[in-house]
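Enquirer: Predicted model and sequence below, questions to follow.
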Amino acid sequence: MLKVGIIGLGGIARSHCDSIAHLDNVQVVAVADLFEEKRQEYMDKYDIPKGYQTHHELLKDDEIDAVAVVLGHQLHHQLTVDACNAGKHVLVEKPMALSLDQCDAMIEAAANNDVKLMVGLSQHFYPTSVKAKEILDSGELGPLITAIAYMSKNWNYAGRRPQYRSRYHGGGMWLTNGIHVVDRLSWVMASQAVSVSASIGTRAHYQAADDSATAFIRYKNGLAGTAIAVGYAEGAPTFECQVICANGTLRFSQHGEKFVKVGKGEEWRDVPFADTPTEMYNEWKAFAEAIEQNIEVPTHGEYARHIMDILFSAEKSSLTGREVMLGNGPGWQTQTSGSPTTIHHGWI
Ligand SMILES: NC(=O)c1ccc[n+]([C@@H]2O[C@H](COP(=O)([O-])OP(=O)(O)OC[C@H]3O[C@@H](n4cnc5c(N)ncnc54)[C@H](O)[C@@H]3O)[C@@H](O)[C@H]2O)c1
């Protein structure tokens, strides 16, 4: 049984607890949050025995094998390093951190303490994404040509917490949600990015962070894709990813509408997929499996660092009006895929 502590009980902690509740080999044994009423709410709802005020206290609990770092972006780095140094495996929410130096420190802390570090790049684990990737990797649509990934949705300014409206704290549409489109795009492009050209701005709201971005990303395999992330003030959402291959086309979406469609013979056909009981079910299943079997986690630190490199380089491109070349990149070269919930998930 993997015994887990959840740190930070804002909105998304609920999805983590709901997903863990569906797994027989994972159990939440403690939570930490600065607010007593939050701790009590979660302990009562999910029958969790222990509640701590801060992550420092939770990390001293020897019963805990792994933690989920589920709070503001500006805290991801320090809490992950602290958790690794306390000998806990870490699942940290996206975006990984606020700089590449911070990402490096997190990767190093995990390696030094021989613990797993996985970043919650949730797009990899949705049943629709898993099915889409399976179709692409089967080769039935032929070689990939290009892809476009969208996330345009209401920014919900009034309800959005202040730290997510401040770039200084790692907020804004690009780091908060653009990360999902860049991750999804890079995953389906099955390659590492080499350069990015982007236009990012604050166009529909008065805040110290962006709300819209369009990025053109070139990949090592010679192909290019487009990532669009907009938090509008009024409209209707699109979460779709469209992929064009030589012998067929593909569209998939997990939110708003939920579907996987393949285009052949000038027609779109719905493809069935095995749905999961909750959205984060596959994510927790894969994390627990990697720890249990001591294999590499999917969406590991190096992959997540690469996604952050694309995001930061896009910001630089937008400021300078030029295409920005990425650094040499991490050591891994290829992406295998298949379901992230099996031992065959390999290197993303
Ligand atoms: N994967 C996804 O699709 C997805 C969706 C939503 C949010 N997220 C991510 O999840 C993270 C959390 O977002 P949220 O909106 O749920 O969080 P939030 O910012 O609303 O809440 C954070 C909570 O952490 C607590 N906290 C702060 N410092 C603490 C400390 N040192 N010890 C213990 N508790 C502390 C606060 O009291 C607060 O209740 C963010 O990184 C966000 O981007 C991911």
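Expert: Yep, it's here.

Enquirer: tell me which parts of this structure are close to the ligand?
Expert: Within reach of the ligand by Cβ under 6 Å from any ligand atom, the chain has these residues: 7-13, 32-35, 38, 54-55, 70-73, 75, 93-94, 120, 122, 161, 176. Every C-beta, even on glycine, is put in place using the N, C-alpha and C of the backbone.

Enquirer: So how do I select the buried members of these in PyMOL?
Expert: This is the PyMOL syntax for the buried subset of those, where burial follows 16 or more other Cβ atoms under 10 Å:
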select buried, resi 7+8+9+12+13+32+33+38+55+70+71+72+73+75+93+94+120+122+176
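
Enquirer: Keep only those of the residues of the chain next to the ligand that are in strands.
Expert: Ile7, Ala32, Glu93, Gly120 (DSSP state E).

Enquirer: Identify the farthest-apart pair in those residues.
Expert: Across those, the longest distance by Cβ to Cβ is 17.2 Å; it joins Ala32 and Gly120.

Enquirer: re the thing from before, I'd like the ones in strands among the residues of the chain next to the ligand as JSON lines, with pLDDT appended.
Expert: Below are these laid out as JSON lines (pLDDT from 0 to 100):
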{"residue": "Ile7", "pLDDT": "98"}
{"residue": "Ala32", "pLDDT": "98"}
{"residue": "Glu93", "pLDDT": "98"}
{"residue": "Gly120", "pLDDT": "97"}
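
Enquirer: Of all the residues in this structure, which one is nearest the ligand?
Expert: Gly10 (2.2 Å; Cβ to the nearest ligand atom).

Enquirer: Helices of the stretch 51-200 of the chain, start to end?
Expert: Using DSSP state H, counting those that start in this stretch, the helices found in the stretch 51-200 of the chain span residues 55-59, 76-85, 100-112, 127-138, 173, 179-189.

Enquirer: Who are the packing partners of the helix or strand hosting Val230?
Expert: Applying DSSP states H and E as the criterion places Val230 in strand 224-232. Judged by 3 or more Cβ pairs under 8 Å, 6 or more residues apart in numbering; DSSP states H and E, strand 224-232 is in contact with strand 144-154, helix 173, helix 179-189, strand 212-219.

Enquirer: Please state the offset of the third one from the chain centre?
Expert: The one in question is helix 179-189. Mean C-alpha position of helix 179-189 versus that of the full chain (Cα atoms, centre = their mean, to the nearest Å) differs by 9 Å.

Enquirer: Mind telling me which residue is nearest the centre of the protein?
Expert: Residue closest to the mean C-alpha point of the chain, counted by Cα atoms, centre = their mean, is Leu121 at 1.6 Å.

Enquirer: Can you read off the backbone torsions of the residue in the chain sticking out farthest from the centre?
Expert: Outermost residue of the chain with respect to the C-alpha centroid, by Cα atoms, centre = their mean, is Gly265; its distance is 34.2 Å. Here is the backbone geometry of Gly265 (degrees, to the nearest 10): phi 60, psi 30.

Enquirer: ok, it to Thr249 distance?
Expert: 11 Å (Cβ to Cβ, to the nearest Å).

Enquirer: Tabulate the ones in strands among the residues of the chain next to the ligand (TSV), appending distance to Thr299.
Expert: Listed next are these as TSV, based on distance: Cβ to Cβ, whole Å:
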residue	distance to Thr299
Ile7	19
Ala32	23
Glu93	11
Gly120	7
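
Enquirer: now, among those residues, which is nearest to Asp62?
Expert: Closest to Asp62 out of those is Ala32 (15.2 Å), distances taken as Cβ to Cβ.

Enquirer: Just list whatever residues bridge to that closest one.
Expert: Ala32 has the following beta-bridge partners by DSSP bridges: Ile7, Tyr52.

Enquirer: ok, now Met118?
Expert: Where Met118 sits in a bridge, its partners, by DSSP bridges, are Leu91, His300.

Enquirer: That one contacts Met96, doesn't it?
Expert: No. Between Met118 and Met96 there is no contact under Cβ atoms under 8 Å: 10.4 Å.
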